[in-house]
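K.L.:
I'll drop the sequence and a predicted model, then ask my questions.
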Amino acid sequence: MAGRSAICTVGTGHGLNYRGYDIYDLAQNATFEEVSYLLTKGILPTQSELDAYKKELIKARALPEALKIVLKNLPKNAHPMDIMRTGCSALGCLEPEADNFSDQDAKITRLMGIFPSILLYWHHYHINGKEIDTNSTQDTIGGYFLEKLHNKQPSDLWIKAMHVSLILYAEHEFNASTFVARIGASTLSDIYSAITAAIGVLRGPLHGGANEAAMELISEYTSASQATSGIHAKLEAKAKIMGFGHRVYVSNDPRNIVIKEWSRKLADDVGNSTIFPISEAIEKVMWDEKKLFPNLDFYSASTYHFMGIPTAYFTPIFVMSRTAGWAAHVVEQRGDNKLIRPSSEYIGPENRAYVDIKNR
Ligand SMILES: CC(=O)SCCNC(=O)CCNC(=O)[C@H](O)C(C)(C)COP(=O)(O)OP(=O)(O)OC[C@H]1O[C@@H](n2cnc3c(N)ncnc32)[C@H](O)[C@@H]1OP(=O)(O)O
Ligand SMILES: O=C([O-])CC(=O)C(=O)O
């Protein structure tokens, strides 16, 4: 137990809940914007509150000229998570948070709104030599992301898939990146620093980076039977299979059942008959051999793939969603702050006499 929080329960007798609302209820019925409002402000919005919030998020998509220059100068072959991290940090230089945090709500909305623009401005500039604007027909973060990526209006099915995925990714108690954001807040640092640090932590393949690694793994195989023998061989070689296992859950990740269904639905939608069976074959071997289950990252990978999203953008989408959770934790930490500073058990040498440099 590393602290107290009123934001999320992960298992431990309660199931997965955001501010007391069941994740299945939210994933089925809510939009991502309602959930990010819930997480960051503590309550579900009324229709007029939601409308006003969405307008603010749309306004927050705009990129300052100085940030565009930064994005143009970042290399084409940089990892997109480095773009997200650097974009967040650069915005913190251009539009810093007030020292007394009086504008924290506005900064949170700004970050939620601008993250898709940061990624897609960089993407189009380097891939297509085009400087995109941030106008869109879409009034949601998921719809805006898909429209700007593909330069065409997304289907309702894909927009719903984005809502569900963003809702599932939005919050998960004291996971590594959120805990880092809270540590940042606990030093009374600004919100950009806390979230920049969290993005860096999310990038690792043992955490958010696993969705990209899972897609790379799935792409190694062209059939379910090939995947079965391939995963057996990897397990024999003691390889880690990305997208499986969890530090908190012991027999299943409750988010998996939802995202797996969406993966199946989108496979049908795009007429892909190989990737879903390959994924299920991997799942079966992992359970039969190791009693390990897919976590949220595993079927998120194919869900995004079916929507034509490049694999390297999977973890940046996680950022677009988890910013809501990170921000909620920053606000909560600030509300009753105490510096987070754990201790370590010392296992180094004892009582050594200093040796003069000439005699070492
Ligand atoms: C949204 C998220 O961040 S969800 C997590 C995303 N991360 C991944 O999918 C990465 C792959 N999974 C893992 O590395 C781990 O399961 C973690 C990091 C998620 C949890 O790890 P821990 O609780 O520390 O478990 P740990 O890594 O000690 O594993 C325990 C045992 O299970 C094995 N194991 C755990 N996960 C896996 C896996 N994905 N593939 C193969 N073996 C695994 C370990 O090798 C270890 O075996 P051993 O006891 O024989 O050495
Ligand atoms: O809780 C964790 O350790 C990782 C996780 O599933 C998440 O951050 O969504």
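P.N.:
Received the coordinates, thanks. Numbers count the residues shown, from 1 in each chain. Ligands and ions are numbered 1, 2, ... in the order given.
K.L.:
Check which helix or strand the nearest residue to residue 220 once chain neighbours are set aside maps to.
P.N.:
Nearest non-adjacent residue to residue 220, counting by C-beta to C-beta, 6 or more residues apart in numbering: residue 230, 6.4 Å away. C-betas here are computed from N, CA, C, even on glycine. Element membership of residue 230, judged by DSSP states H and E, is helix 224-236.
K.L.:
Kindly report the same for residue 201.
P.N.:
For residue 201, the enclosing helix or strand under DSSP H and E is helix 191-202.
K.L.:
who are the neighbours of that helix, in terms of helices and strands?
P.N.:
Where contact means 3 or more C-beta pairs under 8 Å, 6 or more residues apart in numbering; DSSP states H and E, helix 191-202 is packed against helix 80-94, helix 104-128, helix 176-186, helix 314-335.
K.L.:
what residues does the helix holding residue 230 touch?
P.N.:
With C-beta atoms under 8 Å, 6 or more residues apart in numbering as the test, helix 224-236 has contacts from 218, 220-221, 241, 277-278, 280-282, 284-286, 289-290.
K.L.:
Write the PyMOL selection for whichever of the residues you listed are buried.
P.N.:
With 16 or more other C-beta atoms under 10 Å as the criterion, this PyMOL line picks the buried residues out of those:
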select buried, resi 218+221+241+277+278+280+281+282+285+286
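K.L.:
which of the contacts of helix 224-236 sit farthest apart?
P.N.:
Taking C-beta to C-beta, the two most distant members of the contacts of helix 224-236 are 277 and 290; they sit 20.2 Å apart.
K.L.:
so residue 175 makes contact with residue 207?
P.N.:
Yes: assessed by C-beta atoms under 8 Å, residue 175 is found in contact with residue 207 at 6.9 Å.
K.L.:
Those two: which has the busier surroundings?
P.N.:
Taking other C-beta atoms under 10 Å, residue 175 and residue 207 do not tie; residue 175 has more neighbours (23 against 16).
K.L.:
Could you tell me how far residue 325 is located from residue 58?
P.N.:
Per C-beta to C-beta, to the nearest Å, residue 325 is found 21 Å from residue 58.
K.L.:
Same drill for those two, tell me which one is more crowded.
P.N.:
The neighbour comparison of residue 325 against residue 58 (other C-beta under 10 Å) goes to residue 325, with 26 against 18.
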